[in-house]
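*Asks:* have a look at this prediction, sequence included:
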Amino acid sequence: MSSAKSLLVELFVEELPPKALKRLGAEFAACLFDGLKARGLTTDHSVATPYATPRRLAVHVSAALAVAPDEEVVRKVMPSSVALDAAGRPTVALRKALAKLGREGLADGWPDTVDGSDRLYEDGEGKARALFMRSLAKGSTLAVGLQGALDDAIGKLPIPKVMSYQLADGWSSVQFVRPAHGLIALHGAEVVPVQALGLQAGRDTRGHRFEANVEPIRVQDADHYARQLEEQGAVIASFAHRRAEVVRQLQHAAGALQLTPVDDDALLDEVTALVERPNVLLCQFEPQYLSVPPECLILTMKANQKYFPLLDGAGALTHKFLVVSNIRPDDASAVIQGNERVVRPRLADAKFFFDQDRRKSLESRVPALDKVVYHARLGTMGARVERVRAIARAIALQLGPRGGAALAAQADRAAQLAKADLLTDMVGEFPELQGVMGGYYARHDGEPEAVAIAIEDHYKPRFAGDSLPRNDAGLVVALADKLETLVGLFGIGQVPTGDKDPFALRRHALGVIRMLVERNLPLAVPQLVEAAVRVFASNHAVEEVTTFLYDRLVGYLRDLDYSTQEVDAVVSLRPPSWAQLPARLAAVKAFSSLPESASLAAANKRITNILKKSDAQPAAHVDEARLVEPAEKALRGSIASVAPRADALFDRGEYTASLRELAALKAPVDAFFDQVMVNADDPVLRANRLALLSHLHRSMNRVADLSRLAA
């Protein structure tokens, strides 16, 4: 085996897109490593370490081989019946086949056929017996293998938008995420002669655009790359290390003031992708801007300037913020003042929008929604608002004691005003604030707090893990909004397919599920969907939307750490109300741990199959006089004793106790199937036994379909 040394590959490029840098760096390293591994140029101890900075993608691979080990290759030449004549001698066909492989000499020595590392032999039985050639393929050199792996890695990069640019010769052009200006390929201290994007590999790279000590940096060997970049080039090459340094400095600077920077992983990743050596600086703006809703100020600082707003101990926004600079001047005052000067007009715009918007009430903006197109086939936003209002009123009335006329009135008012903030200047500038600004403007207009909260929350949950609406009015409007979207788009055929879901209908469905389950809402899903369908003039998507919701429900419940069998056992009954699903699943999980569960589940599956195959509909009642076998009489008595107790517990929502009661049926059920012929020749006996099994089946499957638990 050739000697193993560290390998370094670096592409030096112009500034890469910051939102894509983390993934580009990880994918470049993973693809290159996989390519080397597939070519036999790594060992069991090889590890790939990715590097990614604003101006480079690189990977360090430990224990890379200069030459891959030789590999044994076996290929089938032809069936023995064709390769050998009746006397077992090579045929002309075999000689021609070997000649094409450049190994005709193997036929001359048959059956003693060894030519260097190649060997011809016979293997197999009967008609499958054939001649095979075993050869030893020379392992690839690192130069050849790395060239292929590098080409593959570049070709497979998840580039958001490809650029086409000319090479130095002025004639050729290549495509890449950004123009590339340098390529390093070092195996230990030796340059590997590969090329990419019109560049020949060398050992030179560049450091920080302004603060490098050495230019260019001549990399000593693969293992010194990261250290040389940091010491000579003022660059932290590792994305992970640079991100950790940003976090450390942010926490240190904020901690000195007893403040906390906003927690935003996406912002951290983006800022890490914008700097080569981070330097966190403290800045501030005029306190007068704190009169603007904090969501506006935080969003403009994060989205437009990549700043980290600072919060006090109570979570309130302060007038101080942190900047992650890419330079470290001796006097940072100019950098600080520059950032403060840049943010001031942004905050002034936010204050202007907020002041202007409050001059008109939300209610006065509602008529203008009739001029905003929602969907070409679903009408205007004004028409959508009216549909959501109608659905919200219906849901509020379906909530029983928890709802009623008062909740319906609150939900109706919130739904009427919920979309009005789409016409405000603030939401026009920051679409992410829709709903949030509606809540602020509703309070300013004197709307009840419950209505303001409902307006603010009616888009929730916006994403996986997002919080749910805080009050019942918000839950009702959020449900109505999502159901209107689902039913409306399903009704015009805009159904998610594969990985395509342009209207995020899966996310809307998950939001409905979370609200029903996690907020324990006593609502029947079929009735909810029907209420939404009624508001459309011609829409018959009840079954499609209901099935879609149940399908999403299965995935949601499985993510709650329940097994596929447990979830299927509960959902297969298609319970109309989902508020008690967690309790049902917990009961099924507890039942599964009982020693009687496996036998009862198997018996239940058997009963299900028997009833399914039966031509006649089982009678509603069991005729006691026609129970002739002791085992069926005993089973009937056990059901009469156990079923009422199990049903009473079920009706009180005590599902675990209800299933535990059913465990007492194991012995009589086992005895029944051991001693009683269900499909008796006498049709009257057979019908009565089917009625008995049907009664047992109904009693056992109220909480869940226990047959789904059978292995």
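*Replies:* Arrived safely, thanks for sending.
*Asks:* next secondary structure after the lowest-mean-pLDDT helix or strand in the chain?
*Replies:* Using mean pLDDT, DSSP states H and E, the weakest-scoring helix or strand in the chain turns out to be strand 114-115, at a mean of 64. Later in the chain than strand 114-115, the nearest helix or strand by DSSP states H and E is strand 118-123.
*Asks:* surely A478 is in contact with R462?
*Replies:* No: applying Cβ atoms under 8 Å, one finds A478 not in contact with R462, separated by 10.1 Å. Where C-beta positions appear, they are placed from N, C-alpha and C, glycine not excepted.
*Asks:* more neighbours: the two, which one.
*Replies:* A478 (29 against 13; other Cβ atoms under 10 Å).
*Asks:* so A86, which of the three states?
*Replies:* Secondary structure state of A86, per DSSP: H, G, I helix; E, B strand; the rest coil, is coil.
*Asks:* how near is it to L120?
*Replies:* Remark: distance between A86 and L120 (Cβ to Cβ, to the nearest Å) = 19 Å.
*Asks:* same question for R209.
*Replies:* Shown here: R209 relative to L120, a distance of 63 Å by Cβ to Cβ.
*Asks:* higher neighbour count, those two?
*Replies:* A side-by-side neighbour count of R209 and L120, using other Cβ under 10 Å, places L120 first with 24 against 16.
*Asks:* on the strand side of things, show who the more buried one bridges to.
*Replies:* With DSSP bridges applied, L120 shows beta-bridge pairing to M133.
*Asks:* would you check that it makes contact with F132?
*Replies:* Yes: shown here, L120 and F132 form a contact pair, counting by Cβ under 8 Å, at 7.5 Å.
*Asks:* what sits in contact with each of the two?
*Replies:* Residues within reach of L120 and of F132 at once, by Cβ atoms under 8 Å, 6 or more residues apart in numbering, are V77.
*Asks:* any idea how far the residue nearest the centre of the chain lies from L378?
*Replies:* Centroid-nearest residue in the chain, with Cα atoms, centre = their mean: A464, separated by 9.0 Å. Distance of A464 to L378, given as Cβ to Cβ: 26 Å.
*Asks:* tell me the secondary structure for P522?
*Replies:* Secondary structure for P522, judged by three-state DSSP, is coil.
*Asks:* and if you look at the one 10 residues further on?
*Replies:* Classification of A532 into helix, strand or coil gives helix, according to three-state DSSP.
*Asks:* same deal with Y562?
*Replies:* Once three-state DSSP is applied, Y562 turns out coil.
*Asks:* likewise for N213?
*Replies:* coil.
*Asks:* ditto for L422
*Replies:* helix.
*Asks:* neighbours of it, just the number please.
*Replies:* 18.
*Asks:* correct me if wrong: it contacts A368.
*Replies:* No: counting by Cβ under 8 Å, A368 is not a contact partner of L422; they are 9.5 Å apart.
*Asks:* most distant residue from the centre of this protein?
*Replies:* Farthest-out residue of the chain from its mean C-alpha position, per Cα atoms, centre = their mean: A87, at 64.9 Å.
*Asks:* how close does that residue get to W110?
*Replies:* 11 Å.
*Asks:* A602 too?
*Replies:* With the distance defined as Cβ to Cβ, A602 ends up 60 Å from W110.
*Asks:* chain center to stretch 139-159, what's the gap?
*Replies:* Stretch 139-159 sits 29 Å away from the centroid of its parent chain (Cα atoms, centre = their mean, to the nearest Å).
*Asks:* give the rounded mean pLDDT of it.
*Replies:* If you average the pLDDT over stretch 139-159, you get 94.
*Asks:* stretch 317-327 now?
*Replies:* 97.
*Asks:* extract the CA atoms of it and return them as PDB.
*Replies:* Taking C-alpha atoms only, stretch 317-327 is exported to PDB below (Å, rounded to 0.1, in the frame of the first residue of the first chain):
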ATOM      1  CA  LEU A 317     -35.300  45.700  22.900                       C
ATOM      2  CA  THR A 318     -32.700  48.200  23.800                       C
ATOM      3  CA  HIS A 319     -31.100  51.000  21.700                       C
ATOM      4  CA  LYS A 320     -27.800  49.100  21.500                       C
ATOM      5  CA  PHE A 321     -26.800  46.600  18.900                       C
ATOM      6  CA  LEU A 322     -23.700  44.600  17.800                       C
ATOM      7  CA  VAL A 323     -22.000  44.600  14.500                       C
ATOM      8  CA  VAL A 324     -19.700  41.900  13.200                       C
ATOM      9  CA  SER A 325     -17.000  43.700  11.300                       C
ATOM     10  CA  ASN A 326     -14.500  42.100   8.900                       C
ATOM     11  CA  ILE A 327     -11.700  44.500   9.900                       C
END
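*Asks:* quick check: closest non-adjacent residue to A348.
*Replies:* Y289 (7.6 Å; Cβ to Cβ, 6 or more residues apart in numbering).
*Asks:* V366 against L417, yeah?
*Replies:* Yes: counting by Cβ under 8 Å, V366 touches L417, with 6.8 Å between them.
*Asks:* these two: who's more crowded?
*Replies:* Between V366 and L417, counted using other Cβ under 10 Å, the more crowded position is L417 (27 against 18).
*Asks:* and the gap between the more buried one and S361?
*Replies:* Per Cβ to Cβ, L417 is found 9 Å from S361.
*Asks:* same question for T656.
*Replies:* 52 Å.
*Asks:* now swap in L553 and tell me
*Replies:* With distances taken as Cβ to Cβ, L553 is found 40 Å from S361.
*Asks:* neighbour count winner among these two?
*Replies:* Remark: of L553 and S361, L553 carries more neighbours, 24 against 16, as counted by other Cβ under 10 Å.
*Asks:* which of the helices or strands spans the more buried one?
*Replies:* Counting by DSSP H and E, L553 is found in helix 542-558.
*Asks:* the spatially closest residue to L505 that is not a sequence neighbour: neighbour count?
*Replies:* If the residues on either side of it in the chain are set aside, L505 comes closest to P496, at 5.3 Å by Cβ to Cβ, 6+ apart. Neighbours of P496 under the rule other Cβ under 10 Å: 16.
*Asks:* got it, and D445?
*Replies:* By other Cβ under 10 Å, 17 other residues sit near D445.
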